[in-house]
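Trainee: okay, structure incoming, though there's no sequence with it:
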């Protein structure tokens, strides 16, 4: 982080807390592949900083709003988002720093309880009052009366068309995806719109110093709760106890396991658009399975 940006952020933290903040140390933290991240140590505490000099200008604003929305649930730990801003074409987000710890004995039960409580937060329609991002891709969140409508119009088909425009799939693939989307009303059970993390893979949670799960890097919206469940199963990192406890607390609809890949189609399409390669075969395998 260059010194001008660092000085600017320190000044903003001082203004935020209405007290003079003195820098002790700053070091880069590695792990993500979209942003540069830093641990900022001051005399008043530590902060987690994300920076990006090429992402959409409103990306951190949308992440800030998403974290605040999850935080309001108050049933699962989420880092406090302090503020976002921009300096010399570099966008930044300042957050609470979470210290890593070891899982408590009832870690997965508590995680399941928190996730179920999050999913019980509902509203009249699917979607959100603003668009946001999943990774670096814009995620459209127009309100829809049914999950089938939102998943078709604002999740699957925009990415299929984008993949086609980028020569990552064929016209025949696009037609097959359209045929699948026309069946969503029959394939998905009716469920109330649930507040979702939206990108709940193993890299977007950690264990804090009290032994509980903390979730972050959201792509929030109100959707079908099987989407979050399916995302946890896509790349691993979650113990089977999570699903056992979740189903005791807030049972999923019958045959939910048979719809996992259908829900994973969206994040796999995101990966196809961003990275191409073998994600094409994964996407088409799912489309062919359900069509």
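Mentor: Thanks, I have it. These numbers were taken from a predicted model, which means no experiment stands behind them.
Trainee: can you list the domains in the chain?
Mentor: The chain resolves into domains spanning 3-96, 107-290 when parsed by automatic domain parsing.
Trainee: worst mean pLDDT among the ones you listed?
Mentor: Looking at these, the lowest mean pLDDT belongs to domain 3-96 (a mean of 93).
Trainee: first-to-last residue distance for that one?
Mentor: 21 Å (Cα to Cα, to the nearest Å).
Trainee: before we move on, back to that, most tightly packed of the domains of the chain?
Mentor: domain 107-290 (a mean of 18; mean count of other Cβ atoms under 10 Å). Just so you know, the C-beta spots here come from the backbone N, C-alpha and C atoms, and that holds for glycine as well.
Trainee: now do that domain: distance to the chain's middle.
Mentor: Averaging C-alpha positions (Cα atoms, centre = their mean, to the nearest Å) puts domain 107-290 9 Å from its chain's average.
Trainee: begin at 54, not 1, for the rest of this chat.
Mentor: In the new numbering, first residue 54, that becomes domain 160-343.
Trainee: that one: end-to-end distance?
Mentor: Using Cα to Cα, the end-to-end distance of domain 160-343 comes out at 35 Å.
Trainee: so who does residue 260 touch?
Mentor: Residues in contact with residue 260 (Cβ atoms under 8 Å, 6 or more residues apart in numbering) are 153, 154, 155, 156, 160, 266, 267.
Trainee: what pLDDT does the fourth one get?
Mentor: Predicted confidence (pLDDT) at residue 156: the value is 97.
Trainee: looks to me like it is in a strand.
Mentor: No. Residue 156 sits outside any strand when classified using DSSP: H, G, I helix; E, B strand; the rest coil, being coil.
Trainee: looks like it contacts residue 264 (just checking).
Mentor: Yes. Using Cβ atoms under 8 Å, residue 156 is in contact with residue 264, at 5.6 Å.
Trainee: which stretches in the stretch 204-344 of the chain count as strands?
Mentor: 247-249, 258-260, 266-268, 274-276 (DSSP state E, counting those that start in this stretch).
Trainee: the stretch 54-203 of the chain now?
Mentor: Taking DSSP E, counting those that start in this stretch as the criterion, the stretch 54-203 of the chain carries its strands at 76-82, 89-95, 98-105, 134-140, 143-149, 185-187, 190-192.
Trainee: for the third one, which strands pair with it and how are they oriented?
Mentor: In this case it means strand 98-105. strand 89-95 (antiparallel), strand 143-149 (antiparallel) (DSSP bridges).
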